[in-house]
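A.B. asks: heads up, no residue letters with this:
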C-alpha cells in the first residue's frame, strides 16, 4: 500500500528558538495527556496541547510549523489547572502562537517585536514620535501656522479632513495588507507541504463560510467552561470591526465638522461601537488584574500593553468628541492629536506584528482545519495516515 510520507528530521535548536518567545516549561512534563483530556475544544481530529508540545520536545520543526492546533486554543487555562506537574501548558501554547506568528511574517519584524520588550517598546515609541513630528510639521509648514500660535490657537478640524482620510486609510489598510500577505505562506506551511496530500480547490470553496463565520462570531470560545469570556471577546471584536469599517468605508461621513443631534446615526453608531469596545476590553483587563484563575496571574507585558493602548485610543477619541461638542476647540485639537499619536503605533505595530494579528490567524486556522477534516472524511482509506504523537 503506497503512503505519502516524507522523512522528518529532528532539529535540536527548535526548543531554544521557541523559548525566545516566552515561557515554555517542559522540564516537568511527562506527557500524561491530562491537559488534552481536560480541554473542551479537543476533537478526534484536533488534539492539543500535548501534541504541539510533543512536536517541540522532539525538535519536529516541520510538523510544528504545519500545525494549526495552537490557534484552536482559546486560552481558557483548564489545561494548566489539571496539570499534575504544574508545567503551565496554557502559557506554552501562548508562546507557541507567538513563535508561529513570527514564522509567518516574511519581513522578520514580528520576530524582533515578539522576542524583545525593548524592540516592542521602541517600535511603539518610534511610531508615536514620528506621528508627533508629522502633526507639528503639518501645522507649521503645510497649514502655515506661526509657531507662537501653535499651542494657543484653535483651528477648525475641517482643514485636515481630506488629508486625514488618506492617512487613516494608510494606517489601517497597510497592517491588514501585511497580515493577508502572509496567507499564502501559512497555506504553504500548513496545507501545501511537500509529500502531503493537498485538498482539492472545491473543498476550500465549500468551507469558505467557516472563515467568515468564525471571524464574525468566534463561536468556538463558547465551548470553553468560562463562557462569560466569549461575550467580552465578541463585544470587543465587534466594536473594533465596526470602527474599522467606518474608518475605511465611511470616514468622510463620520469625520466632519458638522454638529449632529444625539439621535443622528453618525453619533449613536459611534457610541455603540465605543461601548462594545470598552465593555470587552474592561472584561479582559479586570479578568487579568483580578486573576479569576490562579493561572492568569502570569501575564506577559504585551498581553497588558495591547488592551491598554486600545483603551487609550478609545478614550482619547471619545474625549475629543465630547470637548468638540462642548465648544472647547483647542482642547479638542490636542485630544485629537493624542488620539492619532496613540492609535497609529497600535495599528502599525500590534495589528501587523503583535498580538492583534490573531484576529486573522485564528479564523484562518479554523478554516484550514475544516478543509482538512472534510478532505479526510472523503479520502480513500489508503490515503488517510494518522499522525500520532
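C.D. replies: It's in. Predicted model, so just to flag it, every value in this text is computed and none were measured.

A.B. asks: what helix or strand does residue 240 sit in?
C.D. replies: Per DSSP states H and E, residue 240 falls inside helix 228-249.

A.B. asks: how far does that helix sit from the chain's center?
C.D. replies: When distances are taken as Cα atoms, centre = their mean, to the nearest Å, helix 228-249 is centred 12 Å away from the chain's centroid.

A.B. asks: buried residues in that helix?
C.D. replies: The neighbour-count check on helix 228-249 (16 or more other Cβ atoms under 10 Å) flags 229-230, 232-240, 242-244, 246-247 as buried. C-beta coordinates here come from the backbone N, C-alpha and C atoms, glycine included.

A.B. asks: Nearest to residue 259 among these?
C.D. replies: Lowest distance from residue 259 to those (Cβ to Cβ) belongs to residue 246, with 18.2 Å.

A.B. asks: The closest one: what's it in contact with?
C.D. replies: Residues in contact with residue 246 (Cβ atoms under 8 Å, 6 or more residues apart in numbering) are 254, 269, 270, 273.

A.B. asks: Same question for residue 173.
C.D. replies: With contacts defined as Cβ under 8 Å, 6+ apart, residue 173 is in contact with residue 248.

A.B. asks: For the stretch 251-389 of the chain, which segments count as helices?
C.D. replies: Taking DSSP state H, counting those that start in this stretch as the test, the helices found in the stretch 251-389 of the chain are 251-254, 265-290, 301-326, 329-345, 352-353, 358-378.

A.B. asks: Let me know the helix or strand that the closest residue to residue 42 other than its chain neighbours is in.
C.D. replies: Closest residue to residue 42 apart from its sequence neighbours, by Cβ to Cβ, 6 or more residues apart in numbering: residue 36 at 5.6 Å. Using DSSP H and E, residue 36 sits within helix 34-38.

A.B. asks: Need the contact partners of that helix.
C.D. replies: Outside helix 34-38, the residues that touch it by Cβ under 8 Å, 6+ apart are 42, 47-51, 78-84, 89.

A.B. asks: Please report which of the residues you listed has the highest neighbour count.
C.D. replies: Neighbour tally across these (other Cβ atoms under 10 Å): the maximum, 31 neighbours, falls on residue 89.

A.B. asks: wouldn't it be in contact with residue 53 here?
C.D. replies: Yes. The pair residue 89 and residue 53 qualifies as a contact (Cβ atoms under 8 Å) at a distance of 6.5 Å.

A.B. asks: between those two, what contacts are shared?
C.D. replies: With Cβ under 8 Å, 6+ apart, residue 89 and residue 53 have common neighbours residue 29.

A.B. asks: if we can go back for a sec, quick check: buried residues in the helix holding residue 36?
C.D. replies: Counting neighbours by 16+ other Cβ under 10 Å, helix 34-38 gives 34, 35, 36, 38 as buried.

A.B. asks: from these, which is closest to residue 375?
C.D. replies: Of the buried residues of helix 34-38, the one sitting nearest to residue 375 (Cβ to Cβ) turns out to be residue 36, at 23.2 Å.

A.B. asks: How much space separates the closest one from residue 72?
C.D. replies: Relative to residue 72, residue 36 is positioned 12 Å away (Cβ to Cβ, to the nearest Å).

A.B. asks: Give me the common contacts of the two.
C.D. replies: Here residue 36 and residue 72 have residue 48 as joint contacts, going by Cβ under 8 Å, 6+ apart.

A.B. asks: Distance of the residue nearest to residue 42 relative to residue 238?
C.D. replies: 31 Å.

A.B. asks: Likewise for residue 84?
C.D. replies: Using Cβ to Cβ, residue 84 is found at 39 Å from residue 238.

A.B. asks: Which pair of the contacts of residue 246 spans the longest distance?
C.D. replies: Farthest pair in the contacts of residue 246 (Cβ to Cβ) is 254 and 273. Separation: 10.3 Å.

A.B. asks: Looking at these two, which is more packed in?
C.D. replies: The neighbour comparison of residue 254 against residue 273 (other Cβ under 10 Å) goes to residue 273, with 20 against 15.

A.B. asks: Outline the domain layout of this protein.
C.D. replies: Using automatic domain parsing, the domain parsing of the chain gives 14-104, 109-366.
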